[in-house]
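**Student:** what's the 3D shape of this:
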Amino acid sequence: MDAHGQQLLDRIMRKGSLPSLSPLAVRLMSLAADENSQAQDLARVIEADPALAARLLSLVNSSLYRVGEEEVTGITRAIMLLGFREVRIMALSLSLRDTMPLKSKDELDYALYWRMNVQRAIMAQMAAQTLRLPNPEEAFAAGLMLQIGLPLLLRALEPSLRAGYPGFAAPRIERLNWERETAGVTHREVGAAVVSCWKLPGFFADCMLERPGGGQTALAVGFADVAVEACFLPERSFTQIYAAGHNLLQLDAERVNKIVAETLAIGSQVAAALEVELNQEQDLLLVMEKANAALSHLSSQVTPKLRQVVQKAAQLDSAQLQQQAVVNTLQAVMHEIRNPLMSVGGFAKRLAGLGEAGGHARHYAQVIMDEASRLDGVLNQVCALLAPLKEIAVKVDAAAFLAKHLPHSMLSNWQPPDEPVQVTVDPVLLAEALALLLDYVKHKLAPQGPSLSASLARRNGRVWVCLHGFGALPLDAAMGELSFGPELNLVRVRRIMEALHGGLDVAIQENNFTLALYVPDMS
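**Tutor:** Below you'll find the predicted structure:
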């Protein structure tokens, strides 16, 4: 904080400029400091303000706090069920909200400001509960008050300066940088000074200034701050919530998804108690749009990255692909792709199961799940391509094997040899190679009925299984270098045949092709 910022802070904190705590909030703080205070004392203070009592009961009966099926209708009962400390913090949160503006004469979106405050508070408490922290209601209050200094700072600025404020929809780091450059003090520093002046616990200032004294609860609030921006601000990516969950709280994607989905499900109940306007369906749709955009971005990255993996694998023989360094490199790329894919897909699945999700949100969820499933199928294909191969060789009658595994509905001609052709192979791997080859051919045959013929022959010390057909079969696609799906089959086929000490040949002349599998002739 520079000298200009200190002067501005002093002006904000000057008597008459700083909003006063309500008498009720002052009495609540007094009760907190009095070791002899009892539940009945707290109940009398809250019940003296019927409007606050009604809002507190609304909050107590929300999904965030509700205990059991029976509705709580009295403050004393609420204290008995939830505890003295919990109810005091809840009441303090409600009364503190009353000190801050809901609207402004400036063109600032205070509806967004309060909507994000409420969602942050809920998400912070959800995160604290997930971590099994002892007083999760403190995380709620800290999340609600995290930006309490922002309206005060903006109000203290000259109108000409305030006009340049990037707005509540700008990312936190952009707003903080603007505040340092323009005002010399940030809204977090203002907020910390305010809660100190109000004699609130130092924990709240620790959360605002990200000081170690906040402990795990402050980290839960920090996670909620990032997550709310990732959900609601246009410049933030939805996938940032997973990095924040892992880096700050060591939470996996499944638990992060649970926190976010449940926050969205109960937001309107808590907002009603705080008398903040919040459109739950609109928020659900917005977050689903963000998740869908994240998946679309991921999808655009998947193809080039997987193509690199496939091209690398296509250039290596089976022995090289078994080298640990190569396997580690290729698997690292797969891991980088699969993690965010499964995270976003898991969120959509969880949100689709919420009873609060309306038709549009469910539609978005289904779109995301379908695309995630498609991309997962591509990943599985590439994983199969990289999977280690272990050959178990036995003697096999090639003619009998082909008679069993060739689909005669696809064949226009199949002439088995007159005598048995013995080969020593792994029949499971050979069957997989033949099935992949036929699946590829099925997508490439000309549309006019069966046009595939098969042959089995011995020549040049090898046994050949040849498929001849008529259809579009570009050589580059045949080697799996351009796309995924059936084209990728041939790279896997080549790996299998190399493991069987044989290979795959592709011959193309105009629209006529021959795909040939060969193994050593052991006879």
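**Student:** contacts, neighbours, all on C-alpha from now
**Tutor:** Will do.
**Student:** dump the residue contacts of residue 152.
**Tutor:** Residue 152 is in contact with 12, 18, 187, 190, counting by CA atoms under 8 Å, 6 or more residues apart in numbering.
**Student:** mind picking the two most distant members of those?
**Tutor:** 18 and 187 (13.8 Å; CA to CA).
**Student:** rewinding a little: in PyMOL, select just the buried ones from the contacts of residue 152.
**Tutor:** Here is the PyMOL command that selects the buried residues among those (16 or more other CA atoms under 10 Å):
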select buried, resi 12+187+190
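**Student:** and which of the contacts of residue 152 is nearest to residue 514?
**Tutor:** Distance to residue 514, by CA to CA, is smallest for residue 187 among the contacts of residue 152, at 71.6 Å.
**Student:** from residue 150, how far off is that closest one?
**Tutor:** According to CA to CA, to the nearest Å, residue 187 and residue 150 sit 5 Å apart.
**Student:** sorry, back to before: and which of the contacts of residue 152 is nearest residue 293?
**Tutor:** Relative to residue 293, the closest of the contacts of residue 152 is residue 187; by CA to CA it sits at 30.9 Å.
**Student:** is that closest one in contact with residue 156, as I believe?
**Tutor:** No - between residue 187 and residue 156 there is no contact under CA atoms under 8 Å: 11.2 Å.
**Student:** tell me where this protein is predicted with low confidence.
**Tutor:** Applying pLDDT under 70 to the chain picks out residues 15-17, 32-33, 100-107, 302-303, 305-337, 353-359, 385-388, 444-450, 471-487, 523.
**Student:** which of the contacts of residue 152 sits closest to residue 516?
**Tutor:** Closest to residue 516, out of all of these and judged by CA to CA, is residue 187, at 71.1 Å.
**Student:** tell me who's in contact with the closest one.
**Tutor:** With CA under 8 Å, 6+ apart, residue 187 has these contacts: 147, 148, 149, 150, 152, 153, 176, 179.
**Student:** doesn't the last one fall inside a helix?
**Tutor:** Yes - when DSSP: H, G, I helix; E, B strand; the rest coil is applied, residue 179 is found to be in a helix.
**Student:** pretty sure it contacts residue 186?
**Tutor:** Yes - Residue 179 is in contact with residue 186 according to CA under 8 Å; the separation is 5.2 Å.
**Student:** stretch 29-46: which residues count as buried?
**Tutor:** 29, 31, 32, 39, 42, 43, 46.
**Student:** quick check: which element contains the second one?
**Tutor:** Element membership of residue 31, judged by DSSP states H and E, is helix 23-33.
**Student:** what is the subsequent helix or strand relative to that helix?
**Tutor:** Next in line after helix 23-33, if elements are assigned by DSSP H and E, sits helix 39-47.
**Student:** mind listing the helices for the stretch 51-200 of the chain?
**Tutor:** Secondary structure of the stretch 51-200 of the chain by DSSP state H, counting those that start in this stretch: the helices cover 75-82, 84-97, 110-130, 136-145, 149-156, 159-162, 172-182, 187-197.
**Student:** deepest-packed of the ones you listed, please.
**Tutor:** Scoring the helices of the stretch 51-200 of the chain by mean neighbour count under mean count of other CA atoms under 10 Å gives helix 136-145 as the most buried, with a mean of 27.
**Student:** that older thread, which residues touch the helix holding residue 31?
**Tutor:** 37, 41, 42, 45, 46, 49, 88, 92, 95, 96, 200.
**Student:** that one to helix 84-97, inter-axis angle?
**Tutor:** 150 degrees (axes from the mean of the first three to the mean of the last three CA atoms, to 10 degrees).
**Student:** what separates helix 23-33 from the chain centre, distance-wise?
**Tutor:** Remark: helix 23-33 is offset 41 Å from the chain centroid, using CA atoms, centre = their mean, to the nearest Å.
**Student:** likewise for stretch 452-470?
**Tutor:** Using CA atoms, centre = their mean, the offset of stretch 452-470 from its chain centre is 49 Å.
**Student:** residues contacting residue 3?
**Tutor:** Going by CA under 8 Å, 6+ apart, residue 3 touches residue 184.
**Student:** and it, how far is that from residue 217?
**Tutor:** Separation of residue 3 from residue 217 (CA to CA): 32 Å.
**Student:** please apply the same query to residue 120.
**Tutor:** 13 Å.
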